[in-house]
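Novice: let's see this in three dimensions:
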Amino acid sequence: MALLKTKININDEAHQSNKAQMLELLKELEANMEKSRFQGKEKHIDRARAKQKLLARERIELLLDQDSPFLELLPLAGLLNKSGFGAGGTSVSGIGLVQGKLCVVNCNVGTRKGGAVDAETMQKSLRVNEIALENKLPSINLVESGGANLPDQDKIFNYGGKSFKDITNRSKEGLTTISIVFGNATAGGAYVPGMSDFSIFQKQSAKVFLAGPPLVKMATNEVSTDEELGGAEMHSRISGVSDYLAEDEVDAIRIARDIMRYVKTSTPHLMPENFKEPVYAAEDLTSVIPVNLKQAFDVRELIMRVIDASDFSEFKSDYGATLITGWAHVQGYPIGIIANNGVIFSESANKGAQFIQLCNKNDIPILFIQNTTGYMVGKQYEEGGIIKNGAKLINAVSNSEVPHLTLMIGNSYGAGNYGMCGRSYGPRFLFTYPNAKIGVMGSEQLAGVMEIIQRAGAKKSGVEYNEEQGEFLKQMLISEAEKKSSAWYSSSQLWDDGVIDPRETRNYLGFTLAVVYSQEIKGTDAYGVWRH
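Specialist: Next up is the predicted model:
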């Protein structure tokens, strides 16, 4: 065994000070998560209770197997959008076990804005659809929605069409979609159950039609009730849009669970039975992960607190030292790890590209742990081929076919984000620590570059540079860049799948590895042209 051993004293003053700062960030994380758990105003919840309706999260709990974990996805989508519906939008999405089978679950929050879909809720739905397709998972939709939020229609219309297309694409791939309709599913929303493999309608509650009675009256002068036009019994007995007629919510969920007994899913590629916990406690990570991103730390101190038995088989340990590469297991699942220990040099990039090839040759998923300000710049490094070597790493990431997981634990700037499998490079899952920062460059560097440009512009125009105004603009730019590089902003923009507590890292990785190992993993030998 290649055991990693800590080289720090987490009880010293510096680490305890860092712990206090991290715990403050985690309080902010919990406050934001509490916003995402909001299920509507009290009067709307009371109205639902009076109709004997379950709330969204109660429906999910009843659907999942007893004691099933639930990996909630994108809970902070839309957090900072003041014109939207708030953190998480009007849906709760995630992955859990139904009849012992991993399923994607997407549930409308009918008591929040009537379950209407704003722009972030739509983008969240598309990302969840992508996760279901990539990981070959069946989907269960718990439907109660008033349809598109009309002020957002220009941001939703085309994406809504894609969400329906996604259902049919998954069906073509043999991935089942089950929809349970508890209430309204109108206009475009009617196509969710209409395109699903199985649809379950709740008696005297489901209302599914392309146009409601007022619009039908206006368009055709035809008078009809909700039930006549799109009620559960009509669709179950006449139109055939519904496959099952449920007596109530509990019965509808029972039917969905019964269907899942017969739904074909991928045979798990690996199901570990025995594994050892890390030698070092997860609790230490509040002390270990720097809140001040200018403070360097050895990423091995994180790795040893996440992997099984703190056993890490490091690759090329003496070469390209700012990129740590090696193999380990997390909750019994084999994984390759590529982790930043600073800026990326040519040697680091070459090492990373070679390691990606090896993981593909051996069909092992890769975890990217991001904490870098990017690729090294300067005359010496340009002459040394940092562009071609950096491009080699990006090429390897782009064309690698084993599943990728990404964890943003600190800096994630410039092309370093690309070379370490940022959102645009399609990792299966991407999670962020609350201290992480993302952007083209750091806020101070960005402001400094703009100041140089402004000074040069003033000189070229033959005017004196206004120092006072320049300093004001510089500080304003730093403040704005800091806000837009924060974990809260990136998660609000759906640049990650969630902000997580560092102490939960092992649990998140173990669950997502169970997802990616639920099908056969196959690497590639094809990467296109690399410059040498």
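
Novice: okay, stretch 113-124 in PDB with CA atoms only?
Specialist: Provided in PDB are the C-alpha atoms of stretch 113-124 (Å, rounded to 0.1, in the frame of the first residue of the first chain):
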ATOM      1  CA  LYS A 113     -45.500  29.800  -8.100                       C
ATOM      2  CA  GLY A 114     -48.000  27.000  -9.100                       C
ATOM      3  CA  GLY A 115     -45.000  25.000 -10.400                       C
ATOM      4  CA  ALA A 116     -44.600  27.400 -13.300                       C
ATOM      5  CA  VAL A 117     -41.300  27.100 -15.100                       C
ATOM      6  CA  ASP A 118     -38.900  30.000 -15.100                       C
ATOM      7  CA  ALA A 119     -35.600  30.200 -17.100                       C
ATOM      8  CA  GLU A 120     -33.400  28.600 -14.500                       C
ATOM      9  CA  THR A 121     -35.900  25.800 -13.800                       C
ATOM     10  CA  MET A 122     -35.900  25.000 -17.500                       C
ATOM     11  CA  GLN A 123     -32.100  25.000 -17.700                       C
ATOM     12  CA  LYS A 124     -32.000  22.800 -14.600                       C
END
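
Novice: neighbours of Arg49, how many?
Specialist: Residues contacting Arg49 under the criterion other Cβ atoms under 10 Å number 12. The way it works is simple: take the backbone N, C-alpha and C, and place the C-beta from them, glycine included.

Novice: same question, Ile140
Specialist: Neighbour tally, Ile140, other Cβ under 10 Å: 28.

Novice: so it lies in a strand, does it not?
Specialist: Yes: under DSSP: H, G, I helix; E, B strand; the rest coil, Ile140 sits within a strand.

Novice: contact partners of stretch 328-337?
Specialist: Stretch 328-337 has contacts (Cβ atoms under 8 Å, 6 or more residues apart in numbering) with 270, 272-275, 303, 306-309, 311-313, 324-327, 355, 358-359, 364-367, 369, 405, 506, 509-510, 513-514, 517.

Novice: so for that stretch, what gets flagged as buried?
Specialist: Across stretch 328-337, burial judged by 16 or more other Cβ atoms under 10 Å covers 328-337.

Novice: just the buried ones from the contacts of stretch 328-337, in ChimeraX syntax?
Specialist: A single ChimeraX command selects the buried members of those (16+ other Cβ under 10 Å):
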select :272,303,306,307,308,309,311,312,324,325,326,327,355,359,364,365,366,367,369,405,506,509,510,513,514,517
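
Novice: mind listing which of the contacts of stretch 328-337 are in helices?
Specialist: Cross-referencing the contacts of stretch 328-337 against helices under DSSP state H gives 303, 355, 358-359, 506, 509-510, 513-514.

Novice: between the residues you listed, which is nearest Ser179?
Specialist: Ala514 (25.2 Å; Cβ to Cβ).

Novice: quick one: that closest one from Lys101, how far?
Specialist: According to Cβ to Cβ, to the nearest Å, Ala514 and Lys101 sit 12 Å apart.

Novice: also Asn435?
Specialist: Taking Cβ to Cβ, one finds Asn435 at 36 Å from Lys101.

Novice: these two: who's more crowded?
Specialist: Taking other Cβ under 10 Å, Asn435 and Lys101 do not tie; Asn435 has more neighbours (23 against 19).

Novice: show me what contacts the more buried one?
Specialist: The contact partners of Asn435, by Cβ under 8 Å, 6+ apart, come to 22, 25, 289-291, 293, 409-410, 487.

Novice: which ones among those map onto strands?
Specialist: Among the contacts of Asn435, DSSP state E puts 409-410 in strands.

Novice: can I get the contacts of Asn435 in CSV with pLDDT and neighbour count?
Specialist: Converted to CSV, those look like this (pLDDT from 0 to 100; neighbours: other Cβ atoms under 10 Å):
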residue, pLDDT, neighbour count
Met22, 98, 23
Leu25, 98, 19
Ile289, 98, 26
Pro290, 97, 19
Val291, 97, 19
Leu293, 93, 17
Ile409, 98, 25
Gly410, 96, 26
Ala487, 96, 24
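
Novice: most widely separated two among the contacts of Asn435?
Specialist: That would be Pro290 and Ala487, which, of these, are the farthest apart (Cβ to Cβ) at 14.1 Å.

Novice: can you count the residues close to Phe70?
Specialist: The local packing of Phe70 (other Cβ under 10 Å) involves 17 other residues.

Novice: for Ser93, see how far away it is.
Specialist: 10 Å.

Novice: and for these two, which residues touch both?
Specialist: By Cβ under 8 Å, 6+ apart, Phe70 and Ser93 have these common neighbours: Val105.

Novice: just the contacts of stretch 328-337: which are in strands?
Specialist: Those of these lying in strands (DSSP E): 313, 324-327, 366-367, 369, 405.

Novice: out of those, who's nearest Asp65?
Specialist: Leu405 (24.2 Å).

Novice: OK, contacts around the closest one?
Specialist: Here Leu405 is in contact with 335, 365-368, 427-430, 509, 512-513, 516 (Cβ under 8 Å, 6+ apart).

Novice: just put those in a markdown table and tack on distance to Asp318.
Specialist: Converted to a markdown table, these look like this (distance: Cβ to Cβ, whole Å):
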| residue | distance to Asp318 |
| --- | --- |
| Ile335 | 22 |
| Pro365 | 26 |
| Ile366 | 21 |
| Leu367 | 22 |
| Phe368 | 22 |
| Pro427 | 28 |
| Arg428 | 31 |
| Phe429 | 31 |
| Leu430 | 30 |
| Leu509 | 27 |
| Thr512 | 31 |
| Leu513 | 29 |
| Val516 | 31 |
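
Novice: for those residues, work out which two are farthest apart.
Specialist: Top of the distance list for these (Cβ to Cβ): Ile335 and Leu430, 15.3 Å.

Novice: helix or strand next in line after whatever helix or strand Ser412 lives in, which one?
Specialist: Following DSSP states H and E, one finds Ser412 within strand 404-413. Beyond strand 404-413 in the direction of the C-terminus, DSSP H and E gives the next helix or strand as helix 415-419.
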